[in-house]
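A.B. asks: Test case, fold it:
(2 chains)
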Amino acid sequence: MSDLLTVRDLRVRFRVASPVKALMTGMKDPFIDAVCGVDFGIAEGETLGLVGESGSGKSTIARAVMGLVPAASGSVTFDGQQLVGLPNRQFNRVRRDLAMMFQDPVGSLSPRLTIRSLVTEPFRIHGAGDRELDQEAKRLLEMVGLSADFGRRFPHQLSGGQARRVGVARALAMDPKLIIADEPTAGLDVSVQGEVLNLLARLQRELGLSILIITHNLNVVRHITDRMAIMYLGRFVEHGPTEQVFHHPRHPYTEALLSANPEPDPDAASSRVEISGEVPSLMNRPTGCEFHTRCPYVGDRCRHEAPPVTQDDHGRAFTCHYPLGDRQAAE
Amino acid sequence: MRTSDTTAAEESRAEADTVRGAGALLQTWRLLRRDQLGMLGLVLVVIMVGSAIFADLIVPYDPTQIMVGPRMAPPSWDHLLGTDHLGRDTLSRVIAGGQVAFLVALASLGAALSFGLLLGLTAGFGPQWLDNGFLLLFDGVRAFPVIIFGLATVTLLGPSLWTVIFVVAVTSIPIYARIVRTQTQAMKNNEFIVAERAMGAGTPRILGVHVLPNVIGPLLILASMDVPLVITTEAGLSFLGMGVRPPTPSWGTILNDGYSYIRNSPWPVIAGGIPIVITTLGFTFLGEALRDIFDPKLRKDL
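C.D. replies: Numbers count the residues shown, from 1 in each chain, chains lettered A, B, ... in the order given. This is a model prediction of the structure:
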C-alpha cells in the first residue's frame, strides 16, 4: 500500500490492577484493551476522522501512533518505517514528520515560555538551532494568522482560539507529513472552531499534509474529513468515505450516532434513533457483537457470535450481522 | 552551530525571565510594600545580611583580639555591647559571628536546594521503582533528629564549620526533594509535558526547561523561610562546642561563653541572643510575605 500511515491490528492494553492484586483477587486478565485490533491507513494529503464516545479509544490510538503509549501488538508503519517497538531515540527522529495537537489549547503550552519560544521549540529539540529563530517564529505565527507581537506573550495571556493557533503553528514548525489533531475544536466557541478548521483545511491544501483528526463533533468530521471511522469500545464498527457514511450508514451504532447530531434546521423532520443503556465497561466486554446490549435491531445471533469485518467495494468496512442497507432491501 | 540542550535551556529561561522579570519584580515590590510585616522583615534581613557582608569594614575592634581592659564589662560608649570574659569587644564578635551564620545558611541551603532539586526531579520523573527507592532514602534520613544526627556526625568528622554545613545540608535535602518530587509528579502528566514528548524532547530538556521553572519559585520561598532554622542549628551546634572552633566568633559560641559567666554578667548572653532573634524574625516575616504574594491561594487581597 502507498499510504503514508498504515495501522494494522493495533492493540493497546492498560494494566488495571497490579500483579499482586490480580493474583490475590484471582483476576485472570488484569488488563483492559483500550484499543482492540484496529486497522486503517491514511494516504498523503488525506484527512481521516476518528469519531466515538468518550472512552472509546480515539485518543489512545493517537497516542499509540505517536509512541506516547506502547502498543501491545500490531503494527504502525509511517513513511515505510515500522514504529511499534522503535527505540525512543530513533522515534524522536520520526517525530519531526509526525506532529500532534492536544486537546487543551492553553494547557498544552508550557506556561513559563513565551509564544516565540514555544513555536520555535521543535527547532531547538531537533537541533535545528542554526535557523534564524526570530524569522521562523514570525513566519509560523503569520502562517496561522497571528501577528509577530504575539511572540512576546505568555500562554496564559492568550484566548483559547489564539492558543489553538499557536498549537497549529508549533505542529507545523518542522514541516511534518502527518498532523494528529486531538479534539482541535474542543473548548472553542463556534466561530473560532470554524476559523481553526478552515485554517487546517487551508494549510492542508497548501502544504499537502495528511491529517488524523479525533473528535466527537460530527459537523467537524463532515466539514473537513475525506474518510471517517466510528469507534465503539476500542474497535472500529464502521469505516469509510465520509459522505457515504453520512448518507448511508451501515452499522446501527453509526446510525444512532449520526441521528443524535443536532440539525441546525428546526423544521427538519427528526428521525432520531434512540439507543438505550450505558456504554459497557471495558473490563467486562459483552459477548458476541459488543454493541448487542444497546442495539435496537438486536437478533439472537448477535448475542453469541461476533460479526466479522465486512468489506464492500467502495472502501467501506463494518462489523454487523445485519447491516442497515441489507435489512431495508430485504423488507 | 548546534545549540546543546543545556544552553538552549538557559537561553529560553533567561529569555522568559527578562521579558517577565521586570514586570513581575515591580509587581512583587508593590505587593510587598503594602505588607508592613513583610517590609519590616526585609529591613531586618538587609541590616543583618549587610552587616555580615561588610563585617570587616564596620567592626569597631578586632573580634578575636584579647584586650587588656575591662572584662565582662556592661555596655558603654567604648564597647556598645560590652566585653566578654577575655576582654574581647562583644559587638565586634556579634557582627563577625553573622558571617559564620550566613555562610552556613548560604552554603548548606545552596547545597540542599541543588541536590534536593536533582533528586526530586529524578524521583518524580523517573520510573516507579526509582521513586520508591528515593522515598525510602528520604524518609530514612528524615527519621534522625537533626541535633542527634549532627552530634553523631561531628563525633565522626570532627567539629568544624564544614561539618555544620554538611549536617544541615544532608538533613534538609530530603525536605526539598520531597516537595520537588510531588510537584514534578503532578506535572508529569500535564498536557504540555506530553506535548513536549510528542515533539521528541528528551528528558533533560523537559526537566530543565519545562518542569524546573514551575517548581523553583515555591522552593526558593521555602528556602528563605528555612534560613532561621539553619542559623539556629548552627548556633545550637556551636553552643554545644560542636560547631566552629574558637576563637572564630559565632552566635552560638558567644552564647556559650556568656552562659558560663551568666552569674557575673548577663550582657554576653543578651548580645548573642539578639541577632538570632532578629534574623529569625526578619526571614520569617519576609518569607511569609513572599509566600502570600507568590501563592495566590493564600493571598488575602485577591
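
A.B. asks: Show me which residues of the stretch 151-300 of chain A sit near chain B.
C.D. replies: A:152, A:154, A:170 (Cβ under 8 Å from any Cβ of the partner chain). Any C-beta I mention is one placed from the backbone N, CA and C, and that applies to glycine too.

A.B. asks: For these, pick the one with the most neighbours.
C.D. replies: Scoring those on neighbours with other Cβ atoms under 10 Å in any protein chain shown, the highest-scoring entry is residue A:170 at 24 neighbours.

A.B. asks: By residue count, tell me the biggest helix in chain A.
C.D. replies: helix A:190-207 (DSSP state H).

A.B. asks: Could I get the buried residue list for stretch B:238-251?
C.D. replies: B:238, B:239, B:242, B:243, B:244, B:248, B:249, B:250, B:251 (16 or more other Cβ atoms under 10 Å in any protein chain shown).

A.B. asks: taking those one by one, which sit in helices?
C.D. replies: B:238, B:239, B:251.

A.B. asks: residue ranges of the strands in the chain, please?
C.D. replies: Reading this off chain A. Along chain A, the segments classed as strands by DSSP state E run A:5-15, A:31-42, A:47-52, A:73-78, A:81-82, A:98-101, A:178-182, A:210-215, A:227-232, A:235-241, A:310-311, A:317-318.

A.B. asks: Which elements pack onto the last one?
C.D. replies: Under the contact definition 3 or more Cβ pairs under 8 Å, 6 or more residues apart in numbering or on different chains; DSSP states H and E, strand A:317-318 sits against strand A:235-241, strand A:310-311.

A.B. asks: Can you list the strands that it pairs with?
C.D. replies: strand A:235-241 (antiparallel), strand A:310-311 (antiparallel) (DSSP bridges).

A.B. asks: re the thing from before, please enumerate residues in contact with the longest helix of chain A?
C.D. replies: A:45, A:47, A:143-145, A:160-161, A:164-165, A:168, A:172, A:175, A:179, A:181, A:184-185, A:188, A:209, A:211, A:213, A:217, A:220, A:223-224 (Cβ atoms under 8 Å, 6 or more residues apart in numbering or on different chains).

A.B. asks: tilt between that helix and strand A:47-52?
C.D. replies: Interaxial angle, helix A:190-207 versus strand A:47-52 (axes from the mean of the first three to the mean of the last three Cα atoms, to 10 degrees): 140 degrees.

A.B. asks: Mind telling me which residue is nearest the centre of chain A?
C.D. replies: Centrality entry for chain A: nearest residue to the mean C-alpha point is residue A:214, 2.8 Å, by Cα atoms, centre = their mean.

A.B. asks: I'd assumed residue A:60 was in contact with that one.
C.D. replies: No. Residue A:214 lies out of contact with residue A:60 (Cβ atoms under 8 Å); the separation is 9.9 Å.

A.B. asks: for the stretch 201-331 of chain A, what spans make up the helices?
C.D. replies: A:218-224, A:242-247, A:252-259, A:300-304, A:324-330 (DSSP state H, counting those that start in this stretch).

A.B. asks: what sits against the residue nearest to the centre of chain A?
C.D. replies: Residue A:214 touches A:49, A:50, A:58, A:59, A:61, A:62, A:180, A:181, A:182, A:183, counting by Cβ under 8 Å, 6+ apart.

A.B. asks: low-confidence ranges in the chain?
C.D. replies: Answering for chain A, as no chain was given. For chain A, residues meeting the criterion pLDDT under 70 lie at A:1-2, A:128-131, A:264, A:266, A:268-271, A:326-331.

A.B. asks: Let me rephrase: I mean chain B.
C.D. replies: Residues of chain B that meet the cut-off, pLDDT under 70, sit at B:1-24, B:295-302.

A.B. asks: So which residue is smack in the middle of it?
C.D. replies: residue B:227 (3.4 Å).

A.B. asks: my guess is that residue contacts residue B:279, does it?
C.D. replies: Yes. Counting by Cβ under 8 Å, residue B:227 touches residue B:279, with 7.4 Å between them.
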